[in-house]
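Participant: The following comprises the amino acid sequence and a computationally predicted model.
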Amino acid sequence: MSVRPVYLDNNATTRVDPRVVEAMLPYFTEQFGNPSSMHAFGAKVGGSVREAREKLQALLGAAHDHEIVFTSGGTESDNAALISALEANPLRAEIITSVVEHPAILSACEHLAKTRGAKVHHIGVDAHGRLDIEAYRKALSDKTAIVSFMWANNETGTINPISELAGLAKDAGALFHTDAVQAVGKIPIDLRNTPVDMLSLSGHKLHGPKGIGALYVRRGTRFKSMLKGGHQERGRRAGTENTPGIIGLGVAAEIAHQNLESDMPRIAALRDRLEKSLLQRVGNAFVTGDPHARLPNTTSIAFEYIEGEAILLLLNRAGIAASSGSACTSGSLEPSHVMRAMGIPYTAAHGAIRFSFSRENTKEDVDQVLEVMPDIIARLRELSPFWSGEGPSTGAFQPTYA
Ligand code: PLP
């Protein structure tokens, strides 16, 4: 008997919306012109690219469409922001970031430290993934070239107070960048009233295509292109544009913008039902992340005394796709850097499972998880050498629901 597939790994990637696919298709065939060309083939496509830029501008609440630079995705946008900040401000050589950033930031910082002598400050977080703002204040100085803090964390969904963080950077004369790959399309963003200089986003996290993203660069920000070549994107990103991708991202942004207000509470209700029911039915489990500021679509639940990978395997057999906080490095299963940074005990961090929802999920999806999960956990605990029956949890937080 085949199982009904349930996809709850939307922070990894989302299904491309069929309306997005439909809008993209002509740009592989009759609308093949190069948007930089002077002739009609190019001009037509150039007009569509402009419209896509305006749609993204609207989703971000940006003041100008030319503040949007199309890139190949979140990773490129993150790299470009950091590299530009150092190149454009040669008198400042320090970067401030956090210990829970995505590798697109952390690895880029490591590389810039090695190759350009940049000094990198890694700000820590508390048990809920909240930034140590005092440590951030102390790290800021007239040497800070750029601060980069993610808008929302991909594993726990914890949301940073971006306005406040950006304001502090501005007071120190530093640039402020935010990796908003997990936030855009999931929560409202209003860049007219949020003092960030640069923001990264990625199409495939909001039902757009993979391999397309954008870097928002506020007007007036000094910017150096990472790629050397043609003058596309006003000289800020060389290379012929991925026009089908740009059109797709534009439509994905438009749909997200139109539906955000109604999607958010609906998705949060599904997430909360899953979280609440799981915690009622399974002992020695707790939620990680900030109980007061979390993405509406994300829950990361740590099941103590078992391996997340084993849970995922059994969930997969039941047709359910989720993800674990572990990264399989050099043959040993290490809890993720995010779980470790929050100080989640190893016995729990190993069993952290992330369920991430999208507007396509239904109540039936939640029911299917609830039907199999308690059994899966009980079976694995029976096999676990560390499990000696239910006891007090080492938990970070047990949510309360109205
Ligand atoms: N930043 C965050 C927070 C992410 O979650 C991801 C993707 O998982 C990225 C950056 C990388 O984005 P992309 O896959 O578009 O390169």
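Facilitator: Received, thanks.

Participant: ok, now which ones touch the closest residue to Asp132 other than its chain neighbours?
Facilitator: If the residues on either side of it in the chain are set aside, Asp132 comes closest to Gly124, at 5.0 Å by Cβ to Cβ, 6 or more residues apart in numbering. C-beta coordinates here come from the backbone N, C-alpha and C atoms, glycine included. Listed by Cβ atoms under 8 Å, 6 or more residues apart in numbering, the contact set of Gly124 reads Ser98, Val99, Leu131, Asp132, Ala135, Ala341.

Participant: Is the second one in contact with His121, as I believe?
Facilitator: Meaning Val99. No. The pair formed by Val99 and His121 falls short of the contact definition of Cβ atoms under 8 Å, at 10.3 Å.

Participant: and the residue in the stretch 201-350 of the chain that the ligand sits nearest to, bridged to which residues?
Facilitator: The nearest approach of the stretch 201-350 of the chain to the ligand comes at Ser202, 3.2 Å away (Cβ to the nearest ligand atom). On the basis of DSSP bridges, Ser202 takes part in beta bridges with Gly213.

Participant: Tell me, how many residues neighbour it?
Facilitator: Number of residues near Ser202 (other Cβ atoms under 10 Å) recorded here: 29.

Participant: Likewise for Arg381?
Facilitator: 21.

Participant: In terms of helices and strands, where is it?
Facilitator: In this assignment (DSSP states H and E), Arg381 forms part of helix 363-383.

Participant: Buried residues, that helix. List them.
Facilitator: For helix 363-383, the buried set under the neighbour-count rule, 16 or more other Cβ atoms under 10 Å, comprises Asp365, Val366, Gln368, Val369, Val372, Met373, Ile376, Ile377, Leu380, Arg381.

Participant: can you count the residues close to the residue nearest to Gly185 when sequence neighbours are not counted?
Facilitator: Residue nearest to Gly185 in three dimensions, not counting chain neighbours: Leu206, with 3.3 Å by Cβ to Cβ, 6+ apart. Leu206: 26 surrounding residues under other Cβ under 10 Å.

Participant: again, but for the one 10 residues further on
Facilitator: When neighbours are counted by other Cβ under 10 Å, Tyr216 registers 26.

Participant: The helix or strand that contains it near the ligand anywhere?
Facilitator: For Tyr216, the host element (DSSP H and E) is strand 213-217. Yes. Using Cβ under 6 Å from any ligand atom, strand 213-217 reaches the ligand at Gly213.

Participant: any residues touching that strand, and which ones?
Facilitator: Taking contacts as Cβ under 8 Å, 6+ apart, the residues outside strand 213-217 that touch it are 56, 60, 62, 67-74, 76-77, 80-81, 181, 191, 196-203, 223, 236-237, 249.

Participant: after it comes which helix or strand?
Facilitator: helix 232-235.

Participant: quick one, helices of this protein?
Facilitator: Taking DSSP state H as the test, the helices found in the chain are 18-24, 40-60, 74-88, 103-116, 133-139, 162-171, 232-235, 243-281, 308-317, 337-341, 346-349, 363-383.

Participant: so can I have JSON lines of those showing mean pLDDT?
Facilitator: Formatted as JSON lines, these follow (pLDDT from 0 to 100):
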{"stretch": "helix 18-24", "mean pLDDT": "98"}
{"stretch": "helix 40-60", "mean pLDDT": "97"}
{"stretch": "helix 74-88", "mean pLDDT": "98"}
{"stretch": "helix 103-116", "mean pLDDT": "97"}
{"stretch": "helix 133-139", "mean pLDDT": "98"}
{"stretch": "helix 162-171", "mean pLDDT": "98"}
{"stretch": "helix 232-235", "mean pLDDT": "96"}
{"stretch": "helix 243-281", "mean pLDDT": "98"}
{"stretch": "helix 308-317", "mean pLDDT": "96"}
{"stretch": "helix 337-341", "mean pLDDT": "94"}
{"stretch": "helix 346-349", "mean pLDDT": "91"}
{"stretch": "helix 363-383", "mean pLDDT": "97"}
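
Participant: Reformat those as a markdown table; add distance to the ligand.
Facilitator: Below are these laid out as a markdown table (distance: least, Cβ to the nearest ligand atom, whole Å):
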| stretch | distance to the ligand |
| --- | --- |
| helix 18-24 | 15 |
| helix 40-60 | 15 |
| helix 74-88 | 2 |
| helix 103-116 | 4 |
| helix 133-139 | 19 |
| helix 162-171 | 13 |
| helix 232-235 | 17 |
| helix 243-281 | 11 |
| helix 308-317 | 17 |
| helix 337-341 | 10 |
| helix 346-349 | 19 |
| helix 363-383 | 21 |
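
Participant: out of these, which comes closest to Asn154?
Facilitator: When those are compared for distance to Asn154 using Cβ to Cβ, the nearest one is helix 337-341, at 8.1 Å.

Participant: Verify the contact between Ala349 and Glu334 for me.
Facilitator: No. Between Ala349 and Glu334 there is no contact under Cβ under 8 Å: 9.0 Å.

Participant: what about those two, which has more around it?
Facilitator: When neighbours are counted by other Cβ under 10 Å, Ala349 and Glu334 differ, and Ala349 comes out ahead with 24 against 16.
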